[in-house]
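I need the structure of the sequence given here:
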Amino acid sequence: MVFFVVLAFVNGVVNIINKMINLQAKKALGTANGTLINYIEGTVISLVIVLATGASHDNFAFLAEVPPLYFFGGLFGLVSMVLVLAGMARARISYSTVVVLIGQLGTGLVLDAVLTGTLKPLKVVGILLVLAGVFWDKAVTERTITPSHPAA
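Residues are numbered from 1 along each chain as shown. Okay, the predicted model is just below:
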């Protein structure tokens with residue numbers, strides 16, 4: 001269990017670093033070019049891993065046997081990255097990260113409810129508490145930065 005918690009934590013750290021790098025690429029190259037560079041890099045690294053692990057793919061004919069649904073992972077990843085880049089350009093990284101987390105938790109909750117037929121109220125409360133925390137932090141931050149009384 002501890003291993004998976006550490007793994008999830010490291011994934012979170014890597015994800016934030018990835019978002020920051022992608023945001024800088026977007027600023028320097030534009031959204032489309034930054035996304036293209038990211039996906040070309042991912043493709044090259046994936047091919048290196050496939051070749052380095054000794055997977056025997058003399059030709060890539062196996063791709064014809066892959067169910068079409070599996071290719072949507074890349075499409076959803078692309079849409080996700082473009083949306084995150086668009087959102088991060090207008091919001092702090094911490095807010096965009098938490099809002100993405102809320103989206104993931106909410107989607108997981110809905111999918112669990114649809115697939116298992118059960119809805120767990122405590123999970124809904126947890127998501128609402130995280131959302132309330134974002135709004136509370138934003139209100140406190142704005143109050144701290146923008147005083148409510150003009151200086152005399």
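
quick one: the helices in the chain?
2-29, 31-52, 72-88, 93-116, 121-145 (DSSP state H).

Just want the angle from the first one to helix 93-116.
Compare the direction of helix 2-29 with that of helix 93-116 by axes from the mean of the first three to the mean of the last three CA atoms, to 10 degrees and you get 120 degrees.

and if you look at the last one?
Angle between the axes of helix 121-145 and helix 93-116 is 170 degrees (criterion: the same axes, to 10 degrees).

ditto for the shortest one
Counting by the same axes, to 10 degrees, helix 72-88 lies at 140 degrees to helix 93-116.

Give the buried residues for helix 72-88.
M81, V82, V84, L85, M88 (16 or more other CB atoms under 10 Å). C-beta coordinates here come from the backbone N, C-alpha and C atoms, glycine included.

So among those, where is pLDDT lowest?
pLDDT across the buried residues of helix 72-88 is at its lowest for M88, which sits at 73.

My guess is that one contacts K19. True?
Yes - counting by CB atoms under 8 Å, M88 does reach K19; the two are 6.4 Å apart.

gap between V125 and L109?
Distance, V125 to L109, by CB to CB, to the nearest Å: 11 Å.

Check V10 too.
Relative to L109, and taking CB to CB, V10 is found at 25 Å.

The two: which has the busier surroundings?
When neighbours are counted by other CB atoms under 10 Å, V10 and L109 differ, and L109 comes out ahead with 16 against 10.

ok, that one - contacts?
By CB atoms under 8 Å, 6 or more residues apart in numbering, the contact set of L109 is L119, K120, K123, V124, I127.

In contact with the nearest residue to A25 once chain neighbours are set aside, which residues are there?
If the residues on either side of it in the chain are set aside, A25 comes closest to G34, at 3.6 Å by CB to CB, 6 or more residues apart in numbering. The contact partners of G34, by CB under 8 Å, 6+ apart, come to N22, A25, K26, A28, L85.

so what's G133 closest to, chain neighbours aside?
Excluding its sequence neighbours, the residue lying closest to G133 (CB to CB, 6+ apart) is V98, at 7.7 Å.

I'd assumed V134 was in contact with that neighbour.
Yes - with contact defined as CB under 8 Å, V98 reaches V134; the gap is 5.3 Å.

quick one, domains of this structure?
1-70, 91-152 (automatic domain parsing).

Of the ones you listed, give the one that comes closest to G77.
Among the domains of the chain, the nearest to G77 by CB to CB is domain 1-70 (8.4 Å).
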